[in-house]
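*Asks:* No sequence on hand, only this structure:
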């Protein structure tokens, strides 16, 4: 164990030209025609190895590489009132299942408030035995829980109701993110108020009103029995305190429910005996059905999946092996299965699921594919732990009509051209 | 379903004074003496509810609230050469188990290189059938895998070898982070090279040399049979491409192994038949034992835990219920058990573990405690899935002596004074 270090670079063998191109599908991954000069270059010393790098205290809070400056949230359009707007997560450029905090999608009804956490309070009142008020410090002194869950806006993929929009996946599916959330269980908070009090009719109250401290005073009514086992009052995402645009210093998290019910900048929880029919559950966030009635309180986001790579705007540059990679999720449980088709839905094969699918969290799937240079159409179809199968667009439209706006979860297809271009068509 | 929205704020009941102070431990969480005026205030309209918030396109890549500006990486000292330095994760201010990318700890040997990902190459050579060179695009076209794992510098907590240092947990334990990493399995890469070639003695080669493209050309030898089932060639962390200081565009991840072996800015993997005795495994990253011999290739980080809240520098402001919250991890498997003591180690109770502990990942634990206002000493002790129990400092020093520097994993204690102050003493 006393040998001197061997100067490795000098003893490294030259890489023989064209030995990249073996017979295996995996071996086909390197583009044909790579020059020998290029192949040999990395055993030279790269310029960035020749001078010391940036010192450590340049970045007490780190940022992405400037070379990734294109990986940002984007709005689908110029909003006339940018405080009532949304921005979308760049799904095509992301990997795994966690969305970094800087890229979590946004949907605001009246901009991002600048809340002083020391002055912020959460009041829990209504039909509880002892109404209570909590400072942020109080909440941090309660037992907490951390769980990984997705958030999806009910308007996500609304662009596809009338058929392929031509838009890239960031715009079609990017009102979707997934974080590790930390906070206090709603049930713990209610325990701290001595539990529920009976309604005037003597029965246990069944609803919860959540109110935000933004200028829209966002309010939603939520059914207690469907959320009490999993709703969290959240103060941290992916380890650190909530970002301002994601509800700093406090938000509600109702895993699996449409995004707007996860009220941000949370200031009030009131236990009530019936839904309060707020603006956001009457004039908005309802679905107009073909028979003229409204689908109200459609809370759960149904099972859905989308291929993020290859996806619209990308290009296949060489024939050969490609992993078809995407995301699947369900507001009703865990993903059980994802199938992928490369022939427009005629035949399907099971995709591999990364890790064990988590309850109401994004699940990454992938399926190996050798592109032969011909036009193709790639699709994915999710099945969740309740047995629900993601429907085709046609089935969805048949049930909901075309004025529904929200909760679009149809099977999504990308078309690949002979030139390798990928289109939403 | 056609009731008009009810103006909730006007009908809300006044919160009775002092009803916060019930008999339950949970009810003790609000400080005594809160004034009725304060209790009533949140049902008034806060200033940030009275004006529209910031518009959405102010932040295409989001940042933490300026009010959290204190939650940053810090160096333990002023480094004479800030390119060869480390910065530490603010564990006391974090929640859950994921470390946000901006706060992942750093350890550099010659600063952070600015690598052009389009020019970067990874060569895999040595005792393989077909040496190969990969562009970043090539690697993205291989099957990938995403997994949550911790990273810990082998020097973490070295401050405590000689007894309590007085330092806060960011400085004592902050060379520790945990991310979801995405990349290609080392075994997949080797498959793409046609597999291993026999060494000159006819046997299968057993070691891997990994080399970085930084100005230190960081190199480590790694035992293939201990890493082949789990090592990843990583290009993304927590969903997005690696941060520059964490190895952009490519690094090695060897789950459970000491941080420096997870070579950043990875440019070369060479299969060899014996360790190459590089600088980082001879003059550094070995442990000098009491008998004068060196403990070399001590790769795995042994089971360890630390309480992050309450921890040194924090203050208990009122008597009553506190969750004792911390992190536990092991380089040899999953955490099976964490025990907490509040009496200096005389008695122990099992802490609750958040979620199902993952293999070689941070696990969050918590244990409820009612502080009675008297001095106390709080400790945590981890057991991993191999049955290994985190040792006391005394046991550790007995085995390794005091010149060992690396791999300190002793049970850590915080002292709480009658004034509520928390000290590393």
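*Replies:* Cool, the structure landed. These figures come from a predicted structure and were not determined experimentally.
*Asks:* Is the spatially most central residue of chain A bridged to anything, and to what?
*Replies:* Residue closest to the average C-alpha location in chain A (Cα atoms, centre = their mean): residue A:177, at 2.0 Å. Partner residues in beta bridges with residue A:177, using DSSP bridges, are residue A:151.
*Asks:* do residue A:322 as well
*Replies:* With DSSP bridges as the criterion, residue A:322 is bridged to residue A:369.
*Asks:* what's the neighbour count on it?
*Replies:* By the measure other Cβ atoms under 10 Å in any protein chain shown, the count of residues near residue A:322 is 25. For every residue, glycine as well, the C-beta is placed using N, CA and C.
*Asks:* quick one: contacts for it?
*Replies:* When contacts are counted by Cβ atoms under 8 Å, 6 or more residues apart in numbering or on different chains, residue A:322 touches A:310, A:316, A:368, A:369, A:370, A:371, B:141.
*Asks:* In the stretch 201-350 of chain A, what residue lies closest to chain B?
*Replies:* residue A:236 (3.7 Å; Cβ to the nearest Cβ).
*Asks:* Check whether that residue sits in a helix, strand or coil.
*Replies:* Reduced to three states with DSSP: H, G, I helix; E, B strand; the rest coil, the structure at residue A:236 is strand.
*Asks:* Correct me if wrong: it contacts residue A:179.
*Replies:* No: using Cβ atoms under 8 Å as the test, residue A:236 is too far from residue A:179 to be in contact (9.2 Å).
*Asks:* More neighbours: the two, which one.
*Replies:* Neighbour totals were compared for residue A:236 and residue A:179, and residue A:179 leads with 32 against 24 (other Cβ under 10 Å).
*Asks:* so the helix or strand in which that one is found versus strand B:176-185, what angle?
*Replies:* Assigned by DSSP states H and E, residue A:179 falls within strand A:176-185. An angle of 150 degrees separates the directions of strand A:176-185 and strand B:176-185 when computed by axes from the mean of the first three to the mean of the last three Cα atoms, to 10 degrees.
*Asks:* Can you give the distance of strand A:176-185 from its chain's centre?
*Replies:* Per Cα atoms, centre = their mean, to the nearest Å, the displacement of strand A:176-185 from the mean C-alpha position of its chain is 11 Å.
*Asks:* For the residue in the stretch 101-250 of chain A positioned nearest to chain B, which non-adjacent residue is closest in space?
*Replies:* With distances taken as Cβ to the nearest Cβ, the stretch 101-250 of chain A approaches chain B most closely at residue A:111, which sits 2.9 Å away. Computed as Cβ to Cβ, 6 or more residues apart in numbering or on different chains, the closest residue to residue A:111 that is not its neighbour in sequence is residue B:53, at 2.9 Å.
*Asks:* Now do the contacts for the residue lying closest to residue A:228 once chain neighbours are set aside.
*Replies:* Nearest in space to residue A:228, with sequence neighbours left out and distances taken as Cβ to Cβ, 6+ apart, is residue A:187 at 5.5 Å. The contact partners of residue A:187, taken as Cβ under 8 Å, 6+ apart, are A:228, A:229, A:231.
*Asks:* Rebuild those as TSV, extending it with neighbour count and pLDDT.
*Replies:* As requested, the contacts of residue A:187 are arranged in TSV below (neighbours: other Cβ atoms under 10 Å in any protein chain shown; pLDDT from 0 to 100):
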residue	neighbour count	pLDDT
A:228	15	95
A:229	10	93
A:231	26	98
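*Asks:* Return the residues of the stretch 251-400 of chain A in contact with chain B.
*Replies:* Proximity of the stretch 251-400 of chain A to chain B is confined to A:265, A:267-268, A:270, A:276-279, A:282, A:294, A:296, A:309, A:317, A:320-323, A:325, A:354-355, A:364, A:366, A:368 under the rule Cβ under 8 Å from any Cβ of the partner chain.
*Asks:* redo that, cut-off 7 Å
*Replies:* For the stretch 251-400 of chain A, the residues in contact with chain B under the definition Cβ under 7 Å from any Cβ of the partner chain are A:267, A:270, A:276-279, A:296, A:321-323, A:354-355, A:364, A:366, A:368.
*Asks:* low-scoring stretches of chain A, by residue?
*Replies:* Within chain A, the ranges that satisfy pLDDT under 70 run A:1-43.
*Asks:* Quick one: the helices in it, in order.
*Replies:* Assigned by DSSP state H, the helices in chain A fall at A:8-11, A:36-40, A:136-140, A:169-173, A:186-192, A:224-227, A:279-282, A:393-400.
*Asks:* Let me know which of the ones you listed is the nearest to residue A:256.
*Replies:* helix A:224-227 (9.0 Å; Cβ to Cβ).
*Asks:* Which neighbouring elements make contact with the closest one?
*Replies:* The elements that helix A:224-227 packs onto, with contact taken as 3 or more Cβ pairs under 7 Å, 6 or more residues apart in numbering or on different chains; DSSP states H and E, do not include any helix or strand.
*Asks:* one more time with 10 Å, if that's ok
*Replies:* In this structure, helix A:224-227 makes packing contacts with helix A:186-192, strand A:207-212, judged by 3 or more Cβ pairs under 10 Å, 6 or more residues apart in numbering or on different chains; DSSP states H and E.
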